[in-house]
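Student: A predicted structure for the sequence below; I have some questions about it.
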Amino acid sequence: MKIAIVGTGYVGLVSGTCFAEVGIEVVCVDIDQKKIDSLHQGIMPIYEPGLEEMVSRNVEKGRLKFSTSLAEAIQDCDVAFIAVGTPPGEDGSADLKYVLAVARGIGESMNSYGVIVTKSTVPVGTSAKVRAEIEKALEKRGAAIEFDVASNPEFLKEGAAIEDFLKPDRIVVGVASQRAEEVMSKLYKPFLLNGHPIIFMDIPSAEMTKYAANSMLATKISFMNDVANLCEIMGADVNMVRRGIGSDPRIGTKFIYPGIGYGGSCFPKDVKALIKTAKEHGYDMQVLRAVEEVNDNQKVVLFDKVSRHFGGELRSLKMAVWGLSFKPKTDDMREAPSLVIIEKLLAAGCIVTAYDPVAMAEARHTLGDSITYAKDEYETLVDADALLVVTEWPDFRSPNFEVAARLMKQKVIFDGRNIYEAGELKKLGFSYHCIGVRTDHREPLA
């Protein structure tokens, strides 16, 4: 089979590389000449464990190619994936201009039957708009070429995307014809050897499935953070509560870890988009509005703990920040809690020194010279008045606290991810604050 993937961002590049890995001929297309040139040189536009090696291997074998020409890539193509961005507008709605521009380009250049698949996260009804754009372009050419549209939402976790794609727990495909279903079944056959299903459904249901999945996970996170905040007030330990409810198979253990809010390119955008879509159709997503509000509030919880500990007198205090990406194993800082926390610290007059194992370049691009960037986690601690753990990278799970105590001016830790043991730190003389546990009963928390 020959496929084209338009868009070499996170979804497009990972998808194209994984299809090539099982022997499919893939051309990844992007209008950004600089990005394509970099990919030809083996330079990745994103950080994803294992991706660079897999790209290199498949380019060398001739199965994976990169181009700026959609017209060339679409020729005699069996399947064309649209995997360009759908950035949120000011009102939260998904901006479809890039998706529809690709659809027009496909209609202007396709020369044979193919299945045109929306891989981007798009609102319900987008595939119909994609079909209309292609039909319009074909009509303008006077070309009578048959095609099908389909929806194939992605469920990739940043940091584990290759594993997710090669060994999926499910593949969701929305189709409107038997022919399209047969093509998509043939395409995905190599990925179904682990016994997990490919689920065919109508196109609107497939489009909705992506938003519903991300919104459900975001809801679990915000619910647990809400519970954590109440635990602090009531004197309960959210870690014990989490273990208690997570043992119930109806609830499960995933996405119930308390923290400082979700970020990234998916959850915030998709929750907003689903709220907006519902509003456009006269329905109010009350639960999701609350999820969004809780998450916005949770991103300032760690700063509030800092401010309370120091009595609101933060000017000229040096704060060490461990972790900048929104989650481990990625350099993605979109909607990251670190950005909100650092903005608050700087506004209060703090001096911020930060370290992240892979997101330092992205941080410099985002934060500029407003903070100091350390060469490692321990350099951030020199003369620090407090340490804030923002991202739970494995590098930070078992630090040498005795070294940390010698380096820091004040032995204070604010753990936004609950990865340390309070008892151990108190023995070493640290003042320790985490999420959902009242670590100092003398301090009024409500």
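Tutor: Yep, it's here.

Student: ok, and what's touching stretch 133-143?
Tutor: For stretch 133-143, contacts defined as C-beta atoms under 8 Å, 6 or more residues apart in numbering pick out 100, 103-108, 110, 116, 144-145, 147, 149. Quick note: C-beta positions are derived from backbone N, CA and C, even for glycine.

Student: can you check stretch 246-264 too?
Tutor: Outside stretch 246-264, the residues touching it (C-beta under 8 Å, 6+ apart) are 158, 217-218, 220-225, 227-228, 238-239, 242, 245, 268, 295-296, 298-299, 301-302, 326-327, 330, 332-337, 341, 390, 392, 416-418, 435-436.

Student: Return the members of these classed as buried.
Tutor: If you count burial by 16 or more other C-beta atoms under 10 Å, the buried members of the contacts of stretch 246-264 come out as 158, 217-218, 220-225, 227-228, 238-239, 242, 268, 295, 298-299, 301-302, 326-327, 330, 332-337, 341, 390, 392, 416-418, 435-436.

Student: Where does the nearest residue to Leu217 once chain neighbours are set aside fall, secondary structure wise?
Tutor: What sits nearest to Leu217 in space, not counting adjacent residues and going by C-beta to C-beta, 6 or more residues apart in numbering, is Phe255, at 5.1 Å. Secondary structure assignment for Phe255, by DSSP states H and E: no helix or strand.

Student: And Phe255, what's its pLDDT?
Tutor: Here the pLDDT value assigned to Phe255 is 94.

Student: List phi and psi for it.
Tutor: With angles defined as degrees, to the nearest 10, Phe255 sits at phi 60, psi 30.

Student: quick one on the thing from earlier: taking the buried ones among the contacts of stretch 246-264 one by one, which sit in helices?
Tutor: Taking DSSP state H as the definition of helices, the buried ones among the contacts of stretch 246-264 contribute 217-218, 220-225, 227-228, 238-239, 242, 268, 295, 298, 301-302, 337, 341.

Student: Could you give the number of residues near Cys350?
Tutor: Cys350 sits with 22 neighbouring residues when counted by other C-beta atoms under 10 Å.

Student: and it, what does it touch?
Tutor: Cys350 makes contact with Leu314, Arg315, Ser316, Leu317, Lys318, Met319, according to C-beta under 8 Å, 6+ apart.

Student: leaving aside the residues next to it on the chain, what's closest to it?
Tutor: Met319 (4.8 Å).

Student: Residues in a beta bridge with that neighbour, which ones?
Tutor: Beta-bridge pairing for Met319 (DSSP bridges): Val352, Ala386.

Student: Just confirm it contacts Ala386, I think it does.
Tutor: Yes: assessed by C-beta atoms under 8 Å, Met319 is found in contact with Ala386 at 5.6 Å.

Student: which residues do these two both contact?
Tutor: Common neighbours of Met319 and Ala386 (criterion: C-beta under 8 Å, 6+ apart): Val306.

Student: in whichever strand or helix holds Lys276, what counts as buried?
Tutor: In the assignment (DSSP H and E), Lys276 maps to helix 267-280. Under the neighbour-count criterion of 16+ other C-beta under 10 Å, helix 267-280 has Phe267, Pro268, Lys269, Asp270, Val271, Lys272, Ala273, Leu274, Ile275, Lys276, Thr277, Ala278 buried.

Student: how about the first one, what does it touch?
Tutor: Spelled out, that is Phe267. Shown in contact with Phe267 (C-beta under 8 Å, 6+ apart): Asn214, Leu217, Ala218, Ile221, Glu335.

Student: Gly107 too?
Tutor: For Gly107, the contacting residues are Glu133, Ile134, Glu135, Lys136, Ala137, Leu138, Arg141, by C-beta under 8 Å, 6+ apart.

Student: Then it would be within a helix, right?
Tutor: Yes: assignment of Gly107 by DSSP: H, G, I helix; E, B strand; the rest coil places it within a helix.

Student: how much space is there between the closest residue to it other than its chain neighbours and Ile116?
Tutor: Of all residues not flanking Gly107 in the chain, Ala137 sits nearest, at 2.7 Å (C-beta to C-beta, 6+ apart). Plainly put, Ala137 is 11 Å away from Ile116 if you go by C-beta to C-beta, to the nearest Å.

Student: what about those two, which has more around it?
Tutor: Taking neighbours as other C-beta under 10 Å, Ala137 and Ile116 compare with Ile116 leading, 27 against 18.

Student: just checking, that one touches Val130?
Tutor: Yes: counting by C-beta under 8 Å, Ile116 touches Val130, with 6.4 Å between them.

Student: Pull up the overlap in contacts between the two.
Tutor: Shared contacts of Ile116 and Val130, counting by C-beta under 8 Å, 6+ apart, come down to Ile82, Ala103, Val149.

Student: what about the residue nearest to Leu217, how many residues close to it?
Tutor: Neighbours of Phe255 (other C-beta under 10 Å): 15.

Student: ok, which stretches of this structure are strands?
Tutor: Assigned strands in the chain, in chain order: 2-6, 25-29, 64-67, 79-82, 115-118, 148-151, 171-174, 198-201, 318-322, 351-355, 372-373, 386-389, 412-415, 431-433 (criterion: DSSP state E).

Student: Throw these into TSV and include distance to Ala363 and mean pLDDT, thanks.
Tutor: Below are the strands of the chain laid out as TSV (distance: least, C-beta to C-beta, whole Å; pLDDT from 0 to 100):
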stretch	distance to Ala363	mean pLDDT
strand 2-6	29	97
strand 25-29	27	97
strand 64-67	27	97
strand 79-82	31	98
strand 115-118	32	97
strand 148-151	35	98
strand 171-174	34	96
strand 198-201	39	96
strand 318-322	10	98
strand 351-355	7	98
strand 372-373	7	98
strand 386-389	14	98
strand 412-415	19	98
strand 431-433	24	96
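
Student: Perfect, that will be all.
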